[in-house]
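Chemist: pasting the structure only:
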């Protein structure tokens with residue numbers, strides 16, 4: 001009976017600690033994905049300025065260089081562009097792929113779809129630059145949130161598990 005009780009208590013502490021760690025990972029993953037998106041948009045900006053390749057080809061090339069969720073967004077958008085407009089494909093790819101962006105990040109990334117493939121080169125370049133500037137400010141916010149919340153969730157998970165274990169003893 002004592003061994004079972006200790007096993008159960010250690011499971012509770014481990015589970016709550018794991019939950020705390022998972023919640024804290026969202027903040028570091030968001031920061032990482034914003035950095036990756038900024039990098040991908042910079043690649044897109046450079047390629048669109050100096051090459052005259054179609055957007056689906058550029059997106060596929062970017063998806064091959066950027067891994068993770070951001071690469072998947074570009075890959076899905078590229079594939080969808082065979083059947084949909086570039087703007088719709090971009091919006092749907094953002095909706096389809098699971099990522100760690102918050103609502104503000106998504107709304108700005110979706111704003112890119114309004115001019116994607118619809119306007120001249122200069123209009124698209126200026127829109128990409130605006131989105132990239134916004135992502136810079138969002139990256140600062142994500143860093144602050146990460147510093148503030150990451151440690152808190154880890155600690156909260158461990159403390160919650162230990163509190164439940166002490167109560168059950």
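Modeler: Done, it's in. Nothing here was measured: the structure is a model prediction, and the numbers come from that model.

Chemist: was I right about residue 70 contacting residue 101?
Modeler: No. Counting by C-beta atoms under 8 Å, residue 70 stays clear of residue 101, with 9.4 Å between them. Just so you know, the C-beta spots here come from the backbone N, C-alpha and C atoms, and that holds for glycine as well.

Chemist: tell me, what's touching the two both at once?
Modeler: 33, 37 (C-beta atoms under 8 Å, 6 or more residues apart in numbering).

Chemist: so where's this structure uncertain?
Modeler: Applying pLDDT under 70 to the chain picks out residues 115, 117-120.

Chemist: how about the nearest residue to residue 139, chain neighbours excluded?
Modeler: residue 34 (4.8 Å; C-beta to C-beta, 6 or more residues apart in numbering).

Chemist: equivalent analysis for residue 62, please.
Modeler: Using C-beta to C-beta, 6+ apart, the closest residue to residue 62 is residue 74 (4.7 Å).

Chemist: could you say which helix or strand holds the one you found?
Modeler: Using DSSP states H and E, residue 74 falls within helix 68-80.

Chemist: list the buried residues in that helix.
Modeler: Neighbour counts over helix 68-80 (16 or more other C-beta atoms under 10 Å) mark 69-80 as buried.
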